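K.L.:
please find the sequence and the predicted model below.
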Amino acid sequence: MLGISTSWLSYRVKRGKEMLRELLSLEAGVIELEYHITSHLFSELRPLLKKEGLTVVSIHNFFPVPDILERGSGDAFFFTSDDDKERELAAEYTIRTIRYASELEAKVVILHLGNIPLKADLDRLYQLHDEGKLNSDEARELREKLKDERRKKAQRYFDRALLNIDKLVPVAEKLSVILGIETRYHYHEIPSFEEIGIILSEFKGAPLAYWHDVGHAHNLECVGFTSQKDFLEAFASNMVGIHLHDAKGREDHFAPGMGDVDFSLIKSYLKEETIKVIEVHPKVSRAELLEGFKFLKNLNISTHPSKMSQVST
């Protein structure tokens, strides 16, 4: 099945009927609800989803936007925070998302876990990339410095993430929801390539799996870290779903077929049952998005019959 994330709409669409009209007019059979959806918008959208038979296959944490926040974010609360209260809120609002996923019969809740404080050096590496100096001595030295600092600092932050996952697993198991651990965009974020393997091993047999993000993996490869292929080869057997979007250099969330990503490579690691969600941002026009659907279908990345119902105004 090939679905669409509400990330394309939720920045600009604030009414349930309008959002549903947009979703139904696309050639998607399933949708992903994500963290920019407010409680008010969700209250309008929810009965319409059921009425029109539009299936929610995945939900991106934290959903809907917690009332204590001005705007939503997948990084609203870090599982790795130095602040005990923030870690508690991360667990509390993730459990809320899991409960909504269960009620909507969504298969997966997608998680960001947190980060390690290395951002200043990483910003410099990005600058070198943008200046075409990624193969310079400075860039090579900076990558090695980042790897070394990450190794030294990671354990306590990673342990905090594991502890919070441990709180979530019994809830997810009881409610028949899978926790999807997503590829991160920045090198300082958790989990790294190695940490994904540890999480999958630590929680083997639990309702937890890998969620691949094409653009995030592309960025890590762009700046000289783990490649897209490495992620897919290592974790394809544990991959429950994938965010499909294209990238131009380090900028991602373009419609598939508009950038540098090798989707033939991606396709070779996808199974029929893999949840496939196009995740683009509002910068993508409707025409570009429809071309993205067409591009993926021409590659025989499996899709689902379009639902073209009309919504009354």
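P.N.:
On my side now, so go ahead.
K.L.:
chain center to stretch 228-247: distance?
P.N.:
Relative to the chain's own centre, stretch 228-247 is displaced by 11 Å; criterion: Cα atoms, centre = their mean, to the nearest Å.
K.L.:
that stretch: which residues count as buried?
P.N.:
Buried residues in stretch 228-247, counting neighbours by 16 or more other Cβ atoms under 10 Å, are found at 228, 231-232, 234-236, 238-247. Where C-beta positions appear, they are placed from N, C-alpha and C, glycine not excepted.
K.L.:
pick out the most distant pair among the residues you listed.
P.N.:
For these, the farthest-apart pair by Cβ to Cβ is Asn238 and Asp246; their separation is 24.4 Å.
K.L.:
which residues of the stretch 1-150 of the chain fall in helices?
P.N.:
Applying DSSP state H, counting those that start in this stretch to the stretch 1-150 of the chain gives helices spanning 16-24, 39-52, 84-104, 119-130, 137-174.
K.L.:
for Ala255, which of those helices is the nearest?
P.N.:
Ala255 lies closest, by Cβ to Cβ, to one member of these: helix 16-24, at 15.1 Å.
K.L.:
returning to what we had before: what's the closest of the helices of the stretch 1-150 of the chain to Cys222?
P.N.:
Nearest to Cys222, of all these, is helix 119-130, at 6.5 Å by Cβ to Cβ.
K.L.:
buried stuff in that closest one?
P.N.:
By neighbour count with 16+ other Cβ under 10 Å, helix 119-130 contains the buried residues 122, 125-126, 128-129.
K.L.:
dump it to CSV, restricted to CA.
P.N.:
What follows is helix 119-130, C-alpha atoms only, in CSV (Å, rounded to 0.1, in the frame of the first residue of the first chain):
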residue,chain,number,x,y,z
LYS,A,119,25.3,20.4,17.3
ALA,A,120,28.0,23.1,17.0
ASP,A,121,30.5,20.9,15.3
LEU,A,122,27.8,19.4,13.2
ASP,A,123,26.8,22.8,11.9
ARG,A,124,30.3,23.4,10.8
LEU,A,125,30.4,20.1,8.9
TYR,A,126,27.1,21.2,7.2
GLN,A,127,28.8,24.5,6.2
LEU,A,128,31.7,22.7,4.7
HIS,A,129,29.3,20.5,2.7
ASP,A,130,27.5,23.5,1.4
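K.L.:
tell me what that helix is packed against?
P.N.:
With contacts defined as 3 or more Cβ pairs under 8 Å, 6 or more residues apart in numbering; DSSP states H and E, helix 119-130 has these neighbours: helix 137-174.
K.L.:
list the buried ones in the helix it packs on?
P.N.:
Quick answer for helix 137-174 (16+ other Cβ under 10 Å): 139, 142-143, 146, 150, 154, 157-158, 160-162, 164-165, 167-168, 171-172.
K.L.:
next, work out how far apart Phe79 and Ala161 are.
P.N.:
Phe79 sits 5 Å away from Ala161, going by Cβ to Cβ, to the nearest Å.
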